[in-house]
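Asker: Provided below for reference: sequence and predicted model.
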Amino acid sequence: MNEVLFYIGAIMIIIGGICDLFGALGLLKFPNFYIRLHAATVGTIGGAVVPLFGVGFLALGADFLPHKYAIAGASFVTGIIVLLAAPAGAHALAYAAHKAKIVKWQPKVDHLAEVREND
Amino acid sequence: MSLESEFFLLMKFVIPLYLLAFVIYAIRAFKGPTIVDIILAVDCMSFDIAAFMAILAVYFKSAFLISGAITLALWAYLLDIYIAKHLVSKEVGA
């Protein structure tokens, strides 16, 4: 049972590292702020929440740790905090960038403007 | 092969991935054209440093690094909300 929890946590940590690297590359290479938000989602949810839950499972399964229940519980709490805080923060930033007109807004399709012109 | 030696073998593969991601986030944070790009890069970097501190807590067998991770995650959310409030209404207040 300990080995199963340990290997589940190790696989989740590896997935988190790969998602973290891909999110960082997307954040560097994408052309626009609104497109960079997608890469930021990969970098926070895939790159922070998944390895935090992975550290929790790995610490529960590890037999060499002295404070394994403290580390596992605090890792789960941090993962839930990041899971709730990262989408709310990204949404607030996108709302502020649109309201303050910092980033140029050039949509391909804007159905609301079409409907307002037809009225 | 015990679980401890397997964990240190795992760390040899995982630590370079996280360090490379931190460097790329730092490049975007230094050269970001607008202020929201800088805040988004600092935000991603803070959440990933929180995850990396949880991994280091297992690596160094210390439970004290985890309290720093919780504080770092809450601080990144606070930075987002304050910057967004300042950009929308030109003040940070109630």
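Answerer: Yes, it's here.
Asker: quick one: the helix or strand that B:Asp80 is a member of near chain A?
Answerer: When elements are assigned from DSSP states H and E, B:Asp80 belongs to helix B:65-89. Yes - taking C-beta under 8 Å from any C-beta of the partner chain as the criterion, helix B:65-89 and chain A are in contact, through B:66-67, B:69-70, B:73-74, B:76-77, B:80-81, B:83-85, B:87-88. Any C-beta I mention is one placed from the backbone N, CA and C, and that applies to glycine too.
Asker: Only whichever of those residues are buried, select them in ChimeraX.
Answerer: A single ChimeraX command is used to select the members of the residues of helix B:65-89 next to chain A judged buried by 16 or more other C-beta atoms under 10 Å in any protein chain shown:
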select /B:66,69,70,73,74,76,77,80,81,83,84,85,87
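Asker: Poorly predicted segments of chain B, please.
Answerer: Residues of chain B that meet the criterion pLDDT under 70 lie in B:93-94.
Asker: what about the strands in it?
Answerer: Per DSSP state E, chain B has no strands. Nothing in it meets that criterion.
Asker: ok, for the residue positioned nearest the centre of it, nearest residue in space, not its chain neighbours?
Answerer: The residue lying closest to the centre of chain B (C-alpha atoms, centre = their mean) is B:Ser46, at 2.5 Å. In this structure, B:Ser46 finds its nearest non-sequential neighbour in B:Ala76, 3.7 Å apart by C-beta to C-beta, 6 or more residues apart in numbering or on different chains.
Asker: Look through chain A and tell me its longest helix.
Answerer: Ordering each helix of chain A by length in residues (DSSP state H) puts helix A:68-99 first.
Asker: list the helices and strands the following helix or strand past that one packs on?
Answerer: Next along the chain after helix A:68-99, taking DSSP H and E as the criterion, comes helix A:111-118. Contacts of helix A:111-118 with other secondary structure elements, assessed using 3 or more C-beta pairs under 8 Å, 6 or more residues apart in numbering or on different chains; DSSP states H and E, are absent: no helix or strand is involved.
Asker: Pick out whichever of the residues of helix B:65-89 next to chain A sits closest to A:Arg36.
Answerer: Minimum separation from A:Arg36 among the residues of helix B:65-89 next to chain A (C-beta to C-beta) is found for B:Asp80, which lies at 14.6 Å.
Asker: so what's the closest one up against?
Answerer: A:88-90, A:92-93, B:39, B:43 (C-beta atoms under 8 Å, 6 or more residues apart in numbering or on different chains).
Asker: and if you look at A:Tyr95?
Answerer: Taking C-beta under 8 Å, 6+ apart as the criterion, A:Tyr95 is in contact with B:84, B:88.
Asker: Retrieve the pLDDT associated with the closest residue to A:Gly9 other than its chain neighbours.
Answerer: In space, and not counting its chain neighbours, A:Gly9 is closest to A:Leu58: 2.8 Å by C-beta to C-beta, 6+ apart. Among the per-residue scores, A:Leu58 holds a pLDDT of 91.
Asker: was I right about A:Leu58 contacting B:Tyr59?
Answerer: No - checked against C-beta atoms under 8 Å, the pair A:Leu58 and B:Tyr59 is beyond contact range at 11.0 Å.
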